[in-house]
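Student: sequence and predicted structure, then a few things I'm wondering about:
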Amino acid sequence: MPMTNREVAAVLERVGQILEIRGENPFKARAYYSAARTIESLGEDVNKVVADGELGQIPGFGEALTAKVTELVTTGRMKYLDEISSGLPDGLLGLLEVPDVGPKKVKLFYEKLGIKSVEELEEAARAGRLADLPGMGEKSQAKILAGIQQRKEHKGRWLLSEALPLAKRIFAEVEGVKGVRRASLGGSIRRMRETIGDIDILVSAADPAAVIQAFTALDGIERVLAAGDTKGSAVFKPGIQVDVRVVEEESYAAAQHYFTGSKEHNVHMRQLAKDRGWKLNEYGLFDGDAPLPAKDEKALFARMGMDFVPPELREDRGEIEAALAHGLPALAEEDDVRGAFHIHSNATDGSMTLEQLAAEAKSRGYSYLVISDHSRAVAVANGLDEERVRRQWAEIKKLNAKLKGLSIFRSIEVDIRKDGALDYGDEILRGFDCCIAAVHSSFTMPSADMTARIIKALSNPCVDILAHPTGRLLLEREPYAVDIEAVLSACAKHNVAVEINAQPSRLDLDWRFVRTGRELGCRFAVGLDAHHKEDFDWAGLGVAVARKGWLAKGDILNCMSAAQFKRWLSGRRRRRR
DNA sequence: GCCGTTTTCGGCCCGACTGTTTTCAGTCG
């Protein structure tokens, strides 16, 4: 069975970690990490790249890595990994997950105390055995123990939706401290990653110490981790870490860029500066010792000969090259979205009536609403049988006659059954304005079967949109095994739009694959998957995923007007005959 | 392990903070 890009990347990542723990040349480890990243974001099947003999042409793949990755994808094994991991217990790599534990400490703990797992580390810390080790002490030991505890409780990552409200509150407080000139969110939260590890805030202020002092005295702090002259760090309820950095006003633009990341984007940018004979760091852009001033990020990018790169794109996935060539897409904005898609009513598992939904959508500035309740197979959600479908159609017809400034489309979230058949016959499916198909059961099929199942459903001309294409639940459930590129190709072929489900725990399709889909020629639809009033709040997350996937408003169905969307749907219907 | 006309050896981003030290190592971003 061929390996996925992600699996190949995981092996390379593992090699890097083991090399670090063994104390090998850190740059060798970095070469493996960088190769892992490249494979993960290849946008092409690594098996194909290897088969075509093109791996060696990718930057970062020299003779050794090309040979090793070729061996891995053709045989499923890498002898080198077996060699370097022989004698090392499996749990050792898990130790790296503990905050303040890096490869050197893993090596130390293993060699001096025989610690092979997080459990053993915790035991040793509780027994006070870590403190006596060279370079360690009581405080380091306590810190590691606290880190293990925190890790246990929260697995160290948070949904964007959990972190955003807290980030906005703390940001507003910090921005309001006397003497603060400018402030910005940074890090993964500014880049709108689907999950975040901590919250970064950057500040320019006359009196840095006062900012840190005010920050570490805020409400809701569980404990303060660090409070220096220019940097403060604290854990807020319910366990989210917030870092504040204060910089000089003249460094603000460079610092904002630096602390927004991603790390990979920054490394690439620094290299670019170096190529020009300059130096870029968090303090500024320099020609020798002479600063090349930039008042904001836009000016900083301009100095580098680039267009402004929106934070969501800063993942080192080609945005730097595109900005240099002035070829970045004009990304979609939340305000561009005019239709509320994938909305459940209280006819199935939603909590609002059609009338309430219409009022909510209107108050939020939408001009049309796509009602998509569950089909009958999703019995736990009180899925609609045909008779209830027809009753809902009648109700929508009545409502549409009465509503002003908002129209309702008759839609359905039709279940894709195990064999790829849809949950209703074509006759009733043809009666909907718009059909959204989705998998809700049998998640554990082999990848080939799941792929065939979904592609069969897509080939039914009644299907207009594929909802939550991988079924993942962030921090809870992995995506089901599926060849997503094959699914996206089928969407492009059949002109079926791909949903970006905006539920904070889904954000499915993943932005990395949104990019892939865009390149394959797919259209997209931001689906709220709304069941309650508050779910309308998450449209911005869906748009953020679209932006991270490089989408312009022309790529997104709900950026059309109701009339344009209607035309798009009838165009599909004409072609299906 | 990768890379490349200032190259085939010697770099590879680098600074803040903490805790341990008494001048520095490890981690993190």
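Tutor: On my side now, so go ahead. Residues are numbered from 1 along each chain as shown, chains lettered A, B, ... in the order given.

Student: how does chain A divide into domains?
Tutor: A:5-154, A:158-247, A:252-324, A:334-576 (automatic domain parsing).

Student: look at the third one and report the distance between its end residues.
Tutor: Right, the one you point to is domain A:252-324. Domain A:252-324 has an end-to-end distance of 22 Å (criterion: CA to CA, to the nearest Å).

Student: could I get the contacting residues of residue A:1?
Tutor: Applying CB atoms under 8 Å, 6 or more residues apart in numbering, one finds that residue A:1 lies in contact with residue A:76. Placement of C-beta: from N, CA and C, glycine included.

Student: no, scratch that, I was asking about residue A:553
Tutor: Residue A:553 sits in contact with A:330, A:332-333, A:336, A:559, where contact means CB under 8 Å, 6+ apart.

Student: mind putting the domains of chain A into a markdown table with mean pLDDT?
Tutor: Listed next are these as a markdown table, based on pLDDT from 0 to 100:
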| stretch | mean pLDDT |
| --- | --- |
| domain A:5-154 | 87 |
| domain A:158-247 | 91 |
| domain A:252-324 | 90 |
| domain A:334-576 | 93 |
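
Student: so who does the residue nearest to residue A:380 when sequence neighbours are not counted touch?
Tutor: Closest residue in space to residue A:380, ignoring its immediate chain neighbours: residue A:349 at 7.9 Å, by CB to CB, 6 or more residues apart in numbering. Applying CB under 8 Å, 6+ apart, we find residue A:349 in contact with A:374, A:380-382, A:531.

Student: just read off the phi/psi values of residue A:526.
Tutor: phi -80, psi 120 (degrees, to the nearest 10).

Student: so what's it bridging to?
Tutor: When bridges are called by DSSP bridges, residue A:526 pairs up with residue A:500.

Student: quick one: the helices in the stretch 51-200 of chain A, in order.
Tutor: Listed in chain order, the helices of the stretch 51-200 of chain A (DSSP state H, counting those that start in this stretch) span A:63-75, A:79-85, A:103-113, A:118-126, A:138-154, A:160-175, A:187-190.

Student: are the longest one and DNA strand B in contact anywhere?
Tutor: Right, helix A:138-154. Yes - counting by CB under 7 Å from any atom of the strand, DNA strand B is contacted by helix A:138-154 at A:138-141, A:143.

Student: run the chain-centre distance for that helix.
Tutor: Mean C-alpha position of helix A:138-154 versus that of the full chain (CA atoms, centre = their mean, to the nearest Å) differs by 27 Å.

Student: ok, residues contacting that helix?
Tutor: A:97-101, A:118, A:121-122, A:125-126, A:128, A:130-131, A:156, A:223, A:235, A:238-239.

Student: could you do stretch A:105-125 as well?
Tutor: Around stretch A:105-125, the neighbours that count as contacts under CB under 8 Å, 6+ apart are A:21-23, A:89, A:91-92, A:94-98, A:101, A:129-130, A:133-136, A:141-142, A:144-145, A:148, A:151.

Student: among those residues, which ones are buried?
Tutor: Buried subset of these (neighbour count, 16 or more other CB atoms under 10 Å): A:21, A:92, A:94-95, A:98, A:101, A:129-130, A:133, A:136, A:141, A:144-145, A:148.

Student: ok, which pair from the residues you listed is furthest apart?
Tutor: Distance extremes for the buried ones among the contacts of stretch A:105-125: the farthest pair is A:21 and A:145 at 21.2 Å, using CB to CB.

Student: please enumerate the strands of the stretch 201-350 of chain A.
Tutor: Using DSSP state E, counting those that start in this stretch, the strands found in the stretch 201-350 of chain A span residues A:221-227, A:231-236, A:240-247, A:279-281, A:284-287, A:290-291, A:339-343.

Student: next, name the residue at the spatial heart of chain A.
Tutor: Note on chain A: the residue nearest the mean C-alpha position is residue A:194, at 3.5 Å, using CA atoms, centre = their mean.

Student: excluding chain neighbours, what is closest to that residue?
Tutor: With CB to CB, 6+ apart as the criterion, residue A:194 has its nearest non-adjacent residue at 4.5 Å, and that residue is residue A:507.

Student: thought the one you found was touching residue A:474?
Tutor: Yes - applying CB atoms under 8 Å, one finds residue A:507 in contact with residue A:474, separated by 6.6 Å.

Student: residues shared between the contacts of those two?
Tutor: Common neighbours of residue A:507 and residue A:474, using CB under 8 Å, 6+ apart, are residue A:194.

Student: between these two, who's got more neighbours?
Tutor: The neighbour count for residue A:507 versus residue A:474, taken as other CB atoms under 10 Å, is higher for residue A:507 (27 against 20).

Student: that one and residue A:211: what is the separation?
Tutor: 33 Å (CB to CB, to the nearest Å).

Student: now the residue of the stretch 451-577 of chain A found nearest DNA strand B: which helix or strand?
Tutor: Residue of the stretch 451-577 of chain A nearest DNA strand B, by CB to the nearest atom of the strand: residue A:475 (17.4 Å). For residue A:475, there is no host helix or strand (DSSP states H and E).

Student: check contacts around it.
Tutor: A:155, A:157, A:159, A:195, A:505.

Student: filter those down to the ones close to DNA strand B.
Tutor: Okay, of the contacts of residue A:475, nothing touches DNA strand B (CB under 7 Å from any atom of the strand).

Student: in a markdown table: these, plus neighbour count.
Tutor: What follows is the contacts of residue A:475, written out as a markdown table (neighbours: other CB atoms under 10 Å):
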| residue | neighbour count |
| --- | --- |
| A:155 | 11 |
| A:157 | 17 |
| A:159 | 17 |
| A:195 | 19 |
| A:505 | 17 |
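
Student: picking that back up, pick the most buried one from the helices of the stretch 51-200 of chain A.
Tutor: helix A:187-190 (a mean of 23; mean count of other CB atoms under 10 Å).

Student: what sits closest to the residue of the stretch 301-450 of chain A found nearest DNA strand B if chain neighbours are left out?
Tutor: Nearest residue of the stretch 301-450 of chain A to DNA strand B, counting by CB to the nearest atom of the strand: residue A:316, 12.2 Å away. Nearest non-adjacent residue to residue A:316, counting by CB to CB, 6+ apart: residue A:264, 3.7 Å away.

Student: hang on, isn't that neighbour packed against residue A:319?
Tutor: No - applying CB under 8 Å as the test, residue A:264 and residue A:319 come out as separate, 10.6 Å apart.

Student: list the contacts of residue A:307.
Tutor: For residue A:307, the contacting residues are A:301, A:323, A:326, A:328, by CB under 8 Å, 6+ apart.

Student: what about it, distance to residue A:190?
Tutor: 18 Å.

Student: do residue A:108 as well
Tutor: Separation of residue A:108 from residue A:190 (CB to CB): 35 Å.

Student: again with residue A:395
Tutor: Distance from residue A:395 to residue A:190, by CB to CB: 43 Å.

Student: how about residue A:169?
Tutor: Residue A:169 sits 16 Å away from residue A:190, going by CB to CB.

Student: can you check residue A:254 too?
Tutor: Note on residue A:254: its distance to residue A:190, by CB to CB, is 15 Å.

Student: over to residue A:226?
Tutor: For residue A:226, the distance to residue A:190 - CB to CB - is 21 Å.

Student: hang on, the earlier thing: and residue A:264 and residue A:319? Which one has more around it.
Tutor: Shown here are residue A:264 and residue A:319; by other CB under 10 Å, residue A:319 has more neighbours (21 against 17).

Student: my guess is that one contacts residue A:313. True?
Tutor: Yes - Residue A:319 is within contact range of residue A:313, at 4.1 Å (criterion: CB under 8 Å).

Student: just list the residues touching the closest residue to DNA strand B within chain A, thanks.
Tutor: Chain A approaches DNA strand B most closely through residue A:137 (1.7 Å), counting by CB to the nearest atom of the strand. By CB under 8 Å, 6+ apart, the residues touching residue A:137 are residue A:131.

Student: need the residues of the stretch 251-400 of chain A near DNA strand B, please.
Tutor: Applying CB under 7 Å from any atom of the strand, we find that the stretch 251-400 of chain A lies next to DNA strand B at A:259, A:261, A:263, A:266-267, A:270-271, A:274, A:279, A:281-283.
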